[in-house]
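Chemist: predicted model and sequence below, questions to follow.
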2 protein chains.
Amino acid sequence: MSADSSTFISPSDLLAHWQGHRRLTRRVIDAFPEDKLFTFSIGGMRPFGALALEFLSMATPMVRGVVSGEWTGSASRDPLPKAEILRLWDESTSEIDALWVQIPASRFAETLTAFGQYKDVLHNLILYVIDNEIHHRGQGYVYLRALGIEPPPFYERA
Amino acid sequence: MSADSSTFISPSDLLAHWQGHRRLTRRVIDAFPEDKLFTFSIGGMRPFGALALEFLSMATPMVRGVVSGEWTGSASRDPLPKAEILRLWDESTSEIDALWVQIPASRFAETLTAFGQYKDVLHNLILYVIDNEIHHRGQGYVYLRALGIEPPPFYERA
């Protein structure tokens, strides 16, 4: 537990912030041409489709794990059609909303072990999921620019 | 003001999280060869040195603005030696620590206008500064990989 009980941001405002980022990531996925999503890369890095599947394997599974104690996430990074990734994305959006409100605020300062191996304070585990998405989405912006495609504006989250 | 007074993360834990990201960004700056920092780019994007100067122009100036009401940030993106950027980075690290503790927790849920133009709740304004750094640092990872340089591990923040 943290010794400091004052608030930088509330759980509901953090969820709104996260879902704003997820709306932007959805637009970045959608901006990729279908035939580039699992083929285009720079410097030997993973293609953006594989990164999008990684985001999906972390977001809902993290929140579900916290609520249920069951830690499961798909390890498959096999190519999927863009429409199917976007469908899974929207499904995940609803699942996160439904699960988030089941987490008592006191738990965010508790230490736990996620996915049987990542031990940290819950707020850090959740920020890691969000930050990992921002980090790799920045990589996606470079891929899009290198493909001659204008990425969606970073500041637009609606 | 937010209607929800419960806590996802405290101000002191958020500062620790931010400074962890800033330590990683410092390592990414340091990983660039001196002659690539302001010259190398992909897809017409800005070189990483210019992005590092942007980070510096946002971080301390945001926190100083909140504390003092004075909104100033350097607009210059003129090339500097790497050692000078790292010196400014370390200076900024100390300044952020010293200023952060002067912000009463109640202010993070208040709406204000930063730099005379960005109106939002303070926690969102600060998260924007952090997220912008993560986003563009992800771009720096691609630049390093394209240069054949292994970037520092994303998960290492110590």
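Modeler: Received it, and whenever you're ready, just let me know what you need. All of these numbers come straight from a predicted model, not from anything done at the bench.

Chemist: ok now do the residue nearest the centre of chain A, which residues does it touch?
Modeler: Nearest to the centroid of the C-alpha atoms of chain A, with distances taken as C-alpha atoms, centre = their mean, sits residue A:55, at 4.2 Å. Residue A:55 is in contact with A:25, A:132, A:133, A:136, counting by C-beta atoms under 8 Å, 6 or more residues apart in numbering or on different chains. For every residue, glycine as well, the C-beta is placed using N, CA and C.

Chemist: is it true that the second one touches residue B:154?
Modeler: So that's residue A:132. Yes: between residue A:132 and residue B:154 a contact is recorded at 7.1 Å, counting by C-beta atoms under 8 Å.

Chemist: which neighbours do those two share?
Modeler: What both residue A:132 and residue B:154 touch, as defined by C-beta under 8 Å, 6+ apart, is an empty set.

Chemist: related to what we said a few turns ago, could you export whichever strand or helix holds the residue nearest to the centre of chain A as CSV, CA atoms only?
Modeler: Using DSSP states H and E, residue A:55 sits within helix A:48-68. Output of helix A:48-68 as CSV, limited to C-alpha atoms (Å, rounded to 0.1, in the frame of the first residue of the first chain):
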residue,chain,number,x,y,z
PHE,A,48,1.7,-3.3,-36.3
GLY,A,49,-1.0,-6.0,-36.5
ALA,A,50,1.1,-8.2,-34.1
LEU,A,51,1.4,-5.2,-31.8
ALA,A,52,-2.4,-4.7,-31.9
LEU,A,53,-2.9,-8.3,-31.0
GLU,A,54,-0.5,-7.8,-28.1
PHE,A,55,-2.5,-4.8,-26.9
LEU,A,56,-5.7,-7.0,-27.0
SER,A,57,-3.9,-9.8,-25.1
MET,A,58,-3.0,-7.3,-22.2
ALA,A,59,-5.9,-4.9,-21.7
THR,A,60,-9.1,-7.0,-21.0
PRO,A,61,-7.0,-9.9,-19.6
MET,A,62,-5.4,-7.6,-17.1
VAL,A,63,-8.6,-6.1,-15.9
ARG,A,64,-10.4,-9.5,-15.9
GLY,A,65,-7.5,-11.0,-13.9
VAL,A,66,-7.8,-8.3,-11.3
VAL,A,67,-11.5,-8.9,-10.9
SER,A,68,-11.7,-12.7,-11.2
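
Chemist: next one: it to chain centre, how far?
Modeler: With C-alpha atoms, centre = their mean, to the nearest Å as the basis, helix A:48-68 stands 6 Å off its chain's centre.

Chemist: name the residues of that helix that are buried.
Modeler: By 16 or more other C-beta atoms under 10 Å in any protein chain shown, the buried positions in helix A:48-68 come out as A:48-66.

Chemist: average model confidence for it?
Modeler: The pLDDT scores in helix A:48-68 average 98.

Chemist: next one: stretch A:92-109
Modeler: 98.

Chemist: and that stretch with chain B, contact?
Modeler: Yes: Stretch A:92-109 lies within reach of chain B by C-beta under 8 Å from any C-beta of the partner chain, at A:105, A:108, A:109.

Chemist: summarise which helices and strands the longest helix along chain A is packed against.
Modeler: For chain A, the helix with the greatest residue count under DSSP state H is helix A:122-146. Packing partners of helix A:122-146 (3 or more C-beta pairs under 8 Å, 6 or more residues apart in numbering or on different chains; DSSP states H and E): helix A:11-31, helix A:48-68, strand A:111-114, strand A:118-121, helix B:11-31, helix B:122-146.

Chemist: recalculate using a threshold of 7 Å.
Modeler: helix A:11-31, helix A:48-68, helix B:11-31, helix B:122-146 (3 or more C-beta pairs under 7 Å, 6 or more residues apart in numbering or on different chains; DSSP states H and E).

Chemist: where does the nearest residue to residue A:79 once chain neighbours are set aside land on pLDDT?
Modeler: The shortest distance from residue A:79 to any non-neighbouring residue, by C-beta to C-beta, 6 or more residues apart in numbering or on different chains, is to residue A:38 (3.9 Å). Looking at residue A:38, its pLDDT stands at 98.

Chemist: no further questions, thank you.
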